[in-house]
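Chemist: give me a model of this one.
(2 chains)
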Amino acid sequence: MGDLTGLLEGFSTALQPMYLLYALIGVLLGTAVGVLPGIGPAMTVALLLPLTYTLDATAAFIMFAGIYYGGMYGGSTTSILLNTPGESASIVTALEGNKMAKAGRGAAALATAAIGSFVAGTIATVALSLVAPTVARVAVQLGPADYVALAVLAFFTVAAMLGASPARGIASLALGLFIAVIGTDSLTGQQRFTLGLPTLADGIDVVIVAVGFFAVGEALHVASRLRRGPIPLVPISGKGMTRDDWKRSWKPWLRGTAIGFPIGTIPAGGADLGTFLSYATERKLSKRKEEFGHGAIEGVAGPEAANNASAAGVLVPLLTLGLPTSATAAIMLAAFQSYGIQPGPNLFAAEGELIWALIASLYIGNVLLLVLNLPLVGVWVKVLQLPRPYLYAGILTFAALGTYAVGASTEDLVLLFVLGGIGWAMRSYGFPIAPAIVGLILGPIAEEQMRRTLAISQGDPTALVTSPFAAVVYVLVVLALVGSQWLKRRQARLDAVVFAQAQRDEERLVPTGGTSAEGPSRKDHDSRGAR
Amino acid sequence: MSAVQVPPGASPPSTAAARRHRLPVGELVVVVVLAGLGVFALVEAHTIAVPTSSNAVGPRAFPYAVGAVLVLSAVGLLVALLRGERGEVEGGEDVDTSGGADWAAVGKLTAAFAALVVLVEPLGWPIAASLMFGGAAWALGARPWWRALLVAVVLNTAVHVVFTRVLGVYLPAGPLEGVVGLG
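Modeler: Residues are numbered from 1 along each chain as shown, chains lettered A, B, ... in the order given. Sure, this is the predicted structure:
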């Protein structure tokens, strides 16, 4: 079956009214949950997983495609409209949109984010349709040692890229690997770390760990430090994109796509890196550098496009190698496994129909998002205003629901809450969650491939590195470790600069005495001199 | 930093410095737990039965490696901690990082969740989950309590109907078994 025929057949499946409805539900739910503050794409996918338990695989994955893209999209609305002055400098890329909204150009910010997401998502999905089958054809020749190398690459890049320091990332990764080992060894049938408890004999369900770490952990984290008072929402104002906005946006969209898609395909810890690189690029190329930090439309258009393009890019290693490179992808992989489907080079041959339907529904989901989101922005604003006590009580309820739905076991609920407690502790002390999830899902794959390699080589460990492909990957591991630290330092520096700029801007805008436009600004200078 | 005014809710610059000098008890506990987990993994891995049929690498190797990585990362963290590096509380839209943790709220939330665990089988999902949701919302500051409970009942009844009727997921109905639409 040719790739194009496959794609066309995928469309003929995905365009059936019933499947179209699932795509629509997925997009709407994904966006609605993604808009909720504190809920990233990984948590969106994990929380909505139970909805797909009883669907057939095609329907489930079509819905998943919608949830995945919708969840990615929803976040940008939140960062543009919700004004929570940053304690965390990492939100700097989200800051431009927020500044635009405050300056009365919220509609333009939302529009450039939406259209940029559509443009990037569509181009990146085309790239995915072209690249993925080709990669799969090459990947068929990879041996077990090569997979071990790829897994090691994913482990180290995810652990090094995310989190404040590599030690924290690796600790989180090791925790995920540890949880993955609990249960019955798949090759020898021996129990490992089960403490003799029958609940643990089958291992801990991945969904429970993901929901526990992300949903319950987040609920506990927020509960312990809830920001009181009214929700600081910025009203949407302005008239949408002007001709000048279009002129300033289209190049960043394309550049963001070009940066985001390749970054997504390599194990670099998900979309964050692409977003940052796009922001840095736009800032560098812009003729109006002074606007950055104060609401430059390029700073919304580029990163937003990069974010969506890398969401499609992440699917390349996921579908063709079975290699999750972000927490969201790891949870998607778990979803595949729950249907007895193992993503990898044979996926296009074995499950061609399903995969092409999934890819076709990515195109459809993108169009649906563009058509629906701008008109529905009023609804998303309402969603953002959800009183926080109800929001987090609801997250807890749906986390429990998803867990209970897996196996109707109260022991699982206890486990969920314990894992949530661990997730809370990790958030309180600056440990990133994503490496644990990637370790959890990728750990068993890495172990199995490692043992297969050594079984074939009859115990000779050099077999792990003598494959040329594996050797190249290990060199990349070293480069990635060095590179990620350099990149992180750069990111921290840029964040600090832009953040300081925005802060100054803030002080000028919020009038201390509040007379004329000139007054506060002079006052500002005076008091600074006094310090 | 050239912050002229400290905006309400933000921490004054001095607290960050003060935190740095205090002994990081919480973080030390994390390091100890991490190291303990690693030692546990190493010791437990030694007790995993290795079938004679297993070739080159048996079921022990990977657990040993995981234990070693856990211990090493704990050591790395301890060194960083002694050098004055501190983990930062993860920020977020609804998170106020300036104060300490509100243990009372977390305690109430835990109690609400425990109630669900104990009650879901005898009382069924609609009642048990409503109590949990109502309790959690109240613990987080929803007032008056009856409105939180009302929202909880409506939401969880709807959830129950959608999941059992439309999606075909099993949820216990408890005493509501037999009530039209629920059980």
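
Chemist: going forward, measure contacts and count neighbours with C-alpha atoms only.
Modeler: OK.

Chemist: show me what contacts residue 133?
Modeler: Picked chain A for this. A:3, A:320, A:348 (C-alpha atoms under 8 Å, 6 or more residues apart in numbering or on different chains).

Chemist: not quite, I wanted chain B
Modeler: A:390, A:393-394, A:396-397, B:112, B:148-149, B:152.

Chemist: will you turn those into a markdown table that also has pLDDT?
Modeler: Below are the contacts of residue B:133 laid out as a markdown table (pLDDT from 0 to 100):
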| residue | pLDDT |
| --- | --- |
| A:390 | 94 |
| A:393 | 95 |
| A:394 | 94 |
| A:396 | 94 |
| A:397 | 95 |
| B:112 | 96 |
| B:148 | 95 |
| B:149 | 95 |
| B:152 | 96 |
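
Chemist: just among the contacts of residue A:133, which is most surrounded?
Modeler: residue A:320 (24 neighbours; other C-alpha atoms under 10 Å in any protein chain shown).

Chemist: closest to residue A:218 out of the contacts of residue A:133?
Modeler: residue A:320 (31.7 Å; C-alpha to C-alpha).

Chemist: would you list the phi and psi of that closest one?
Modeler: Main-chain torsions, residue A:320, degrees, to the nearest 10: phi -90, psi -30.

Chemist: could you check how far it is from residue A:498?
Modeler: 38 Å (C-alpha to C-alpha, to the nearest Å).

Chemist: cool, and residue A:146?
Modeler: On the measure of C-alpha to C-alpha, residue A:146 and residue A:498 end up 41 Å apart.

Chemist: who's more crowded, these two?
Modeler: Neighbour totals were compared for residue A:146 and residue A:498, and residue A:146 leads with 26 against 20 (other C-alpha under 10 Å).

Chemist: is it fair to say that one lies in a helix?
Modeler: Yes: under DSSP: H, G, I helix; E, B strand; the rest coil, residue A:146 falls within a helix.

Chemist: what sits against it?
Modeler: Contact analysis of residue A:146 by C-alpha under 8 Å, 6+ apart lists A:464, A:467, A:469-470.

Chemist: ranking helices and strands of chain B by mean pLDDT, which lands last?
Modeler: helix B:13-21 (a mean of 50; mean pLDDT, DSSP states H and E).

Chemist: for whichever helix or strand comes after that one, give me every contacting residue.
Modeler: Downstream of helix B:13-21, the first helix or strand assigned by DSSP states H and E is helix B:25-47. Here helix B:25-47 makes contact (C-alpha under 8 Å, 6+ apart) with A:171, A:178, A:192-193, A:429, B:60, B:63-64, B:66-71, B:74-75, B:77-78, B:87.

Chemist: please list the members of the residues you listed that lie in helices.
Modeler: Residues of the contacts of helix B:25-47 located in helices (DSSP state H): A:171, A:178, B:63-64, B:66-71, B:74-75, B:77-78.

Chemist: what would these look like in CSV with pLDDT, neighbour count and distance to residue A:386?
Modeler: As requested, the ones in helices among the contacts of helix B:25-47 are exported to CSV (pLDDT from 0 to 100; neighbours: other C-alpha atoms under 10 Å in any protein chain shown; distance: C-alpha to C-alpha, whole Å):
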residue, pLDDT, neighbour count, distance to residue A:386
A:171, 94, 27, 35
A:178, 96, 25, 37
B:63, 93, 26, 45
B:64, 94, 19, 47
B:66, 95, 25, 42
B:67, 95, 27, 43
B:68, 96, 18, 45
B:69, 95, 21, 42
B:70, 96, 30, 40
B:71, 96, 26, 43
B:74, 95, 26, 40
B:75, 95, 17, 43
B:77, 92, 25, 39
B:78, 93, 20, 41
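
Chemist: nearest to residue B:92, of the residues you listed?
Modeler: Once C-alpha to C-alpha is applied, the member of the ones in helices among the contacts of helix B:25-47 that ends up nearest residue B:92 is residue A:171, at 22.2 Å.
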